[in-house]
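In: Compute the structure for the input listed below.
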Amino acid sequence: MERIKLVEICNPKQWKTIPTGDLLDEGYSVYGANGVIGYYGEYNHENPVVAITCRGATCGSINITVPQAYVTGNAMCLDDVREDINIEYLYYCLKHFDFNGVISGSAQPQITRQGLNKVDITICSPEEQQVIVEKLKRVELIIKYRKNEIHELDNLIKARFVEMFGDININDKGWNSEPLGKLCTIVRGGSPRPIEQFLGGTIPWIKIGDATDGDNIYLNSTKEHIIQEGVKKSRLVKAGSLIFANCGVSLGFARIITFDGCIHDGWLAIEDIDEKLDKVFLLQSLNQMTEYFRAIAPAGTQPNLNTAIMKAYNQVLPPIEMQREFIKFLEQVDKSKFEVLKVA
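Out: I've put the predicted structure just below:
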């Protein structure tokens, strides 16, 4: 085993960026900051190459290209890799490297060649590299299959919801409905600013990004925590509260938190829910209405649903017995999900 700097085993290089207007519908694959962005009539790499996203919000993302590909200046190509290094091994090493200490810039995050001097990796023999690559490929394949199974179970939940309650976008089954504001309390979150001054405490800081992966119902943890002073400038919500993303590209989905925490101003908290409305049913029905909420959000640089809009939204109210029947079905599907994850 050998620990070595990345820049000692390859030549990091940014190539010329292709104007968007010059991209084609077919040809050689063009890689930008987030993988393939289009096609072009020529390529700058004959063989596959590892590319590190070096500009923008996805800085540090790792791609490995197909043969005969063009890589733009939004990604740092690792050219001229040492002959004893398997580039797939290099890809996996970097995929699991924490680039936070390498990224510079605030308004526009970036990774420079100089910054890559901070990156080092562990090198073993070519034979060992190949064994590791094959093992990781098998693991990735298993994870892919498990994700597909989970996705199909999620589709089953959606299908059962429509079967029982119809299309609630148009309420084609004619359920009773009431303005959501009459059925619960709706309040907006708050964000202490600048947030960097309030991080490092013990109170969970709930951002939109914490809920975009994983469980479709419950949010169980956060990546960051704030200090007590930050609580005064935010909104503390209790375990069991339903929160709803009300702005930006993630607008229109809900989660139930399993802990006390403070919510970012991109969340609405829905509390004190009327007994004729099951909390999990409400979450599922809100998640069914995502496209509707995005359509009615006031136009602007960021779509935004304020508390007044959400209070006026007419929430369907099927009989509570039916809502609970659906929840029982949901619980059975969740057990199946757990079994899938346990096998994985």
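In: Can you list the residue ranges for strands in the stretch 101-250 of the chain?
Out: Under the criterion DSSP state E, counting those that start in this stretch, the stretch 101-250 of the chain carries strands at the ranges 120-123, 177-179, 185-188, 199-206, 218-219, 224-226, 236-237, 242-245.
In: Who are the packing partners of the second one?
Out: This means strand 177-179. Packing contacts for strand 177-179, counted by 3 or more CB pairs under 8 Å, 6 or more residues apart in numbering; DSSP states H and E, involve strand 314-316. C-beta coordinates here come from the backbone N, C-alpha and C atoms, glycine included.
In: Would you mark the buried spots in the strand it packs on?
Out: Under the neighbour-count criterion of 16 or more other CB atoms under 10 Å, strand 314-316 has 315-316 buried.
In: how far is the helix or strand just after it from where the chain is centred?
Out: Per DSSP states H and E, the first helix or strand lying C-terminal to strand 314-316 is helix 320-343. Distance of helix 320-343 from the chain centroid (CA atoms, centre = their mean, to the nearest Å) equals 23 Å.
In: In PDB, please show the C-alpha coordinates belonging to helix 320-343.
Out: Taking Å, rounded to 0.1, in the frame of the first residue of the first chain, the C-alpha atoms of helix 320-343 are listed here in PDB:
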ATOM      1  CA  ILE A 320     -61.300   8.800   8.600                       C
ATOM      2  CA  GLU A 321     -61.900   5.000   8.500                       C
ATOM      3  CA  MET A 322     -60.800   5.000   4.800                       C
ATOM      4  CA  GLN A 323     -57.800   7.100   5.600                       C
ATOM      5  CA  ARG A 324     -56.700   4.600   8.300                       C
ATOM      6  CA  GLU A 325     -57.300   1.700   6.000                       C
ATOM      7  CA  PHE A 326     -54.800   3.300   3.500                       C
ATOM      8  CA  ILE A 327     -52.300   3.900   6.400                       C
ATOM      9  CA  LYS A 328     -52.500   0.100   7.200                       C
ATOM     10  CA  PHE A 329     -51.700  -0.700   3.600                       C
ATOM     11  CA  LEU A 330     -48.800   1.800   3.800                       C
ATOM     12  CA  GLU A 331     -47.400   0.200   6.900                       C
ATOM     13  CA  GLN A 332     -47.400  -3.200   5.200                       C
ATOM     14  CA  VAL A 333     -45.600  -1.800   2.200                       C
ATOM     15  CA  ASP A 334     -43.100  -0.200   4.600                       C
ATOM     16  CA  LYS A 335     -42.400  -3.600   6.100                       C
ATOM     17  CA  SER A 336     -41.600  -4.900   2.600                       C
ATOM     18  CA  LYS A 337     -39.300  -1.900   2.100                       C
ATOM     19  CA  PHE A 338     -37.500  -2.800   5.300                       C
ATOM     20  CA  GLU A 339     -37.000  -6.400   4.200                       C
ATOM     21  CA  VAL A 340     -35.500  -5.200   0.900                       C
ATOM     22  CA  LEU A 341     -33.100  -2.800   2.700                       C
ATOM     23  CA  LYS A 342     -32.200  -5.600   5.200                       C
ATOM     24  CA  VAL A 343     -31.200  -7.900   2.400                       C
END
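In: Packing partners of it?
Out: For helix 320-343, the packing partners by 3+ CB pairs under 8 Å, 6+ apart come out as helix 126-165, helix 279-288.
In: mind running it again at 6 Å?
Out: Secondary-structure packing of helix 320-343 (3 or more CB pairs under 6 Å, 6 or more residues apart in numbering; DSSP states H and E): helix 126-165.
In: Pull out the buried residues from stretch 34-53.
Out: 37-38, 40, 43-45, 48-53.
In: Please apply the same query to stretch 91-104.
Out: 91-94, 97, 99, 102.
In: before we move on, what about stretch 135-147?
Out: Quick answer for stretch 135-147 (16+ other CB under 10 Å): residue 136.
In: now swap in stretch 310-322 and tell me
Out: Per 16+ other CB under 10 Å, stretch 310-322 contains these buried residues: 310-311, 313, 315-318.
In: Pick the one among those closest to residue 6.
Out: If you rank these by distance to residue 6 using CB to CB, residue 310 comes first, at 48.5 Å.
In: ok, that closest one - contacts?
Out: 180, 186 (CB atoms under 6 Å, 6 or more residues apart in numbering).
In: that's a strand at it, yeah?
Out: No: remark: residue 310 does not belong to a strand; assigned using DSSP: H, G, I helix; E, B strand; the rest coil, it is helix.
In: how far away is it from residue 290?
Out: 13 Å (CB to CB, to the nearest Å).
In: Then residue 11?
Out: 45 Å.
In: Of these two, give the one with the bigger neighbour count.
Out: Legend: neighbour count by other CB atoms under 10 Å for residue 11 and residue 290, higher for residue 290 (15 against 11).
In: residue contacts, the more buried one?
Out: With CB under 6 Å, 6+ apart, residue 290 has these contacts: residue 252.
In: pLDDT below threshold where in this protein?
Out: 106, 213-215, 299-303, 341-344 (pLDDT under 70).
In: Could you find the closest non-adjacent residue to the residue most central in space within it?
Out: The centroid of the chain falls nearest to residue 212 when counting by CA atoms, centre = their mean (4.4 Å). Distances taken as CB to CB, 6 or more residues apart in numbering place residue 250 nearest to residue 212, at 6.1 Å, with adjacent residues excluded.
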